Every structure is written in C-alpha cells, then in structure tokens.
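Visitor: next input, structure requested:
(one chain, ligands or ions: 1)
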Amino acid sequence: MQVFKEISTLLLEQKPFVCYVKPNESVWNLLLQQNEEWVEFTHQAGFVFIPFQEGKQVVIPFEGNLFLQGNFENQIKKTAESFTAENNQKQSFENLVANGVAAIQSGEFDKVVLSRKIVLKEQIAIVASFENIIATYPTAFRYLFFHPKVGLWMGATPEQLVKINQNQFETVALAGTQLFAEKVIWESKEIEEQQFVTDYIVANIKNKVNQLIVTDANTVKAGNLVHLKSFISGELTADFQAIDLIKTLHPTPAVCGLPKENAIDFILKNEGYNRKYYAGFLGEYNNDKQTDLFVNLRCLEIDNDVVTIYVGCGITKDSNPEKEYIETENKSMTMRNVLVSKTF
Ligand SMILES: C=C(O[C@@H]1C=C(C(=O)O)C=C[C@H]1O)C(=O)O
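Guide: From the prediction side, this is the model:
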C-alpha cells in the first residue's frame, strides 16, 4: 500500500515523521516534517512526543509541515514469529518488585509502577511489523514515530491520556491486568490498584473542573490482555485549561504510582535504566481544536536494528514478584507476537 512505501522512503531518507491510526479507525495519518530540526514542544499545535521524565519534549508542528490522510481498504495480517529476549531478567526484576513491596509496606508510598526493557535477539522488518501492528490491534492507538534526533518508536497503546474538544474532556483510569479469557474475575489486588488511579485523578481535578462524571470500572480487552477501565469526563474552566489538565495527569498513577513524587523518586533510583519515551505520552495537541493524547505503552524502540520492548506493571502491598514478572512477559507479547522478521 502507498503509505507503507512512503514510510520506507522516509526511513531511508532519515526524515522526521509520524504515521498513526486512531483506535477503531481505518484512517492513516502521516505528518512529515520539512526539515530535520528538533522542535521543542512549547504548546504549539502538532503531534507531540513526550518522555516519561528526562529527555527531549518533541513536537512535529502541524503548521508548515505536510499532513496526509487516507483509508486502508483491507489490511492483511502477515506471518509473525514469537521473538525471544537476549537475556533473562527474571531474578533482577523480581528483586526490584520485592524492594517495591517492601517500600510500600514500610509506608513510603501506596503504589509504584515498575518496568524493564527487553532487548530482542532478532532483527525486524520495520514497515512490515508496523503493518501487522495496525492490522492486529484495531482498538489501540497505533503509531510509528521517527526523528533523527530522537529515534524510532512504534507501538499499539490501549491507554488514552486525555481527549479534549473545546472545553469537554475525557480521560481514563486504566489498571489491573490479566490474560484474556471469556470469563474474567478480578481479585481485590487489581480492583484496589485501579481504584487508586481513579481516586488520584478525581482528587486532583475535582475542584478545578465542572460536571465531573466517573463511571464504574469495566473490563476492556487490549490484545492478549484485559484491564479494568473507568471513564472520567468533565468540562475545563477558564482557570484550568488543556495544558493544566495534561500536566496534572502525566504521569498518571497507572504508569508511575502514588503518591506521585515518592513513586517517581523510587523509580528513578531503583529501576536502573532510562524509560525514555516509554510511559510518556504522544498524539495530537491542538490549542483550540481537538487534542487526542495517549500514554506510550506496549511500545518498542529500534536503534541500529536493535529492538527494545518496554513493559511494566503496578505494584501494591499484595504484589507477588513472580506474578508481576509474568505480567510483564505477557505485556511484551503484544509486540513480540506481531513482529515480522528481517530477511536478508
Ligand atoms: C505499565 C504498563 O501498563 C499499565 C499498567 C497496568 C497494570 O499494572 O495492570 C495496566 C495498564 C497500564 O496502565 C505497561 O503496559 O507497560
């Protein structure tokens, strides 16, 4: 298909661009930057790519750049293999989780989201893998972002950070994970973990917005997994605008923990690697029109043909280190199961 040919060319030319498909849509969006500069995000309209904590805050502005859209007719899934990790991190991740649980039990915080990166042994065909990601996860926000000064990332995230239209906003509290099954039963650990996220968001915005509505948590499917999700919506006010809401939400307790500052501190001191853009956010930012942002989860980075998948999970006082390790393995399958091997 034409758009994938275009992406291959852009990658060869090392031009900054993003291609993305919104959840439940079959429209592709391609935004091409006309030069190679890193444009720092300072609230200008465009496609933003924001790190978890440290790193460049990037925007490809809509103004002055080329924006193309088109429809996919029918997308065909390609043959994918199950990709393997370069080394086993079971013990080190379980130790990290055990340290997190100990910190929670000693009262440092209530929840922390701990993560790791998985470097794959194999090389992948980038464009064919992206095609497969699009075809396999129709309900996710699917993207491929490339910038010569930032790198190459792609993913299929199930988590909206925020959607804003005029003064109406919508966000979600997403947490709790299980493998997909016909009949899902949630344990109190997961129910509590998701409730933390809802409570945090509500507590931090309730006095600042109007018409706040919070739904009960429902089970939602995300690839091979299911999560618990509540919808939270309301109206922004003159004193609490889009950018204020984004700053309040990011990073949500779904990707960092609670209380926020203590959890971030623990993550930065103990995770032992830089999350970069994983658990950051990305998407369309518009001052007065629609803003549509997503949390960067179920994603990977490709640097010199080396593929790195980023995965994490919420830790509470009842977490079992081995189960949490398995949860990160399961989450990594979202990407590992759909990648297409590079043929030489
Ligand atoms: C941190 C991740 O996912 C987040 C953590 C979840 C959990 O702990 O159950 C569930 C969904 C996401 O909010 C990830 O996918 O890496």
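
Visitor: helix or strand: which one has the closest residue to residue 75 other than its chain neighbours?
Guide: Spatial nearest neighbour of residue 75, chain neighbours left out: residue 135 (3.9 Å); criterion: Cβ to Cβ, 6 or more residues apart in numbering. Placement of C-beta: from N, CA and C, glycine included. Per DSSP states H and E: residue 135 is located in helix 126-136.

Visitor: now swap in residue 178 and tell me
Guide: Here residue 178 is assigned to strand 168-179, by DSSP H and E.

Visitor: what's the spacing between that strand and its chain's center?
Guide: 12 Å (Cα atoms, centre = their mean, to the nearest Å).

Visitor: name the helices or strands packed onto it?
Guide: Other helices and strands packing on strand 168-179, by 3 or more Cβ pairs under 8 Å, 6 or more residues apart in numbering; DSSP states H and E, are strand 160-165, helix 188-205, strand 225-235, helix 242-249, strand 306-315, helix 321-336.

Visitor: wait, the residue nearest to residue 75 touches residue 76, no?
Guide: Yes. Counting by Cβ atoms under 8 Å, residue 135 touches residue 76, with 6.7 Å between them.

Visitor: tell me which of these two has more neighbours.
Guide: Counted by other Cβ atoms under 10 Å, residue 135 and residue 76 do not tie: residue 135 has more neighbours, with 16 against 8.

Visitor: now do the same contact list for that one.
Guide: Residues in contact with residue 135 (Cβ atoms under 8 Å, 6 or more residues apart in numbering) are 75, 76, 77, 78.

Visitor: secondary structure, distance to residue 290 and pLDDT added to those, as JSON lines?
Guide: Formatted as JSON lines, the contacts of residue 135 follow (DSSP: H, G, I helix; E, B strand; the rest coil; distance: Cβ to Cβ, whole Å; pLDDT from 0 to 100):
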{"residue": "75", "secondary structure": "coil", "distance to residue 290": "25", "pLDDT": "71"}
{"residue": "76", "secondary structure": "coil", "distance to residue 290": "31", "pLDDT": "71"}
{"residue": "77", "secondary structure": "coil", "distance to residue 290": "30", "pLDDT": "73"}
{"residue": "78", "secondary structure": "coil", "distance to residue 290": "32", "pLDDT": "72"}
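
Visitor: report the buried members of the residues you listed.
Guide: residue 78 (16 or more other Cβ atoms under 10 Å).

Visitor: ok, the contacts of residue 135 vs the ligand, which is closest?
Guide: residue 77 (22.1 Å; Cβ to the nearest ligand atom).

Visitor: quick check: that closest one touching residue 134?
Guide: No. The criterion here is Cβ under 8 Å, and residue 77 misses it with residue 134 at 9.7 Å.

Visitor: residue contacts, the residue nearest to residue 275 when sequence neighbours are not counted?
Guide: Leaving out its chain neighbours, the residue that sits closest to residue 275 by Cβ to Cβ, 6+ apart is residue 52, at 4.2 Å. Contacts of residue 52 were listed using Cβ under 8 Å, 6+ apart, and they are 251, 255, 256, 275, 276, 277, 278, 279, 280.

Visitor: one more time with 7 Å, if that's ok
Guide: For residue 52, the contact set (Cβ atoms under 7 Å, 6 or more residues apart in numbering) comprises 251, 275, 278, 279, 280.

Visitor: widest-spaced pair of the residues you listed?
Guide: Of all pairs drawn from the contacts of residue 52, the widest gap by Cβ to Cβ lies between 251 and 278 and measures 10.8 Å.

Visitor: give the contact list for the residue of the stretch 101-250 of the chain found nearest the ligand.
Guide: Closest to the ligand within the stretch 101-250 of the chain is residue 177: 3.6 Å, counting by Cβ to the nearest ligand atom. Neighbouring residues of residue 177 by Cβ under 7 Å, 6+ apart: 225, 227, 313, 327.

Visitor: so what sits opposite it in the bridge?
Guide: As for beta bridges, residue 177 partners with residue 227 under DSSP bridges.

Visitor: related to what we said a few turns ago, run the chain-centre distance for the helix holding residue 135.
Guide: 17 Å.

Visitor: equivalent analysis for stretch 137-148, please.
Guide: The answer for stretch 137-148 is 10 Å, by Cα atoms, centre = their mean.

Visitor: between the two ends of stretch 114-128, what distance do you get?
Guide: Stretch 114-128 has an end-to-end distance of 31 Å (criterion: Cα to Cα, to the nearest Å).
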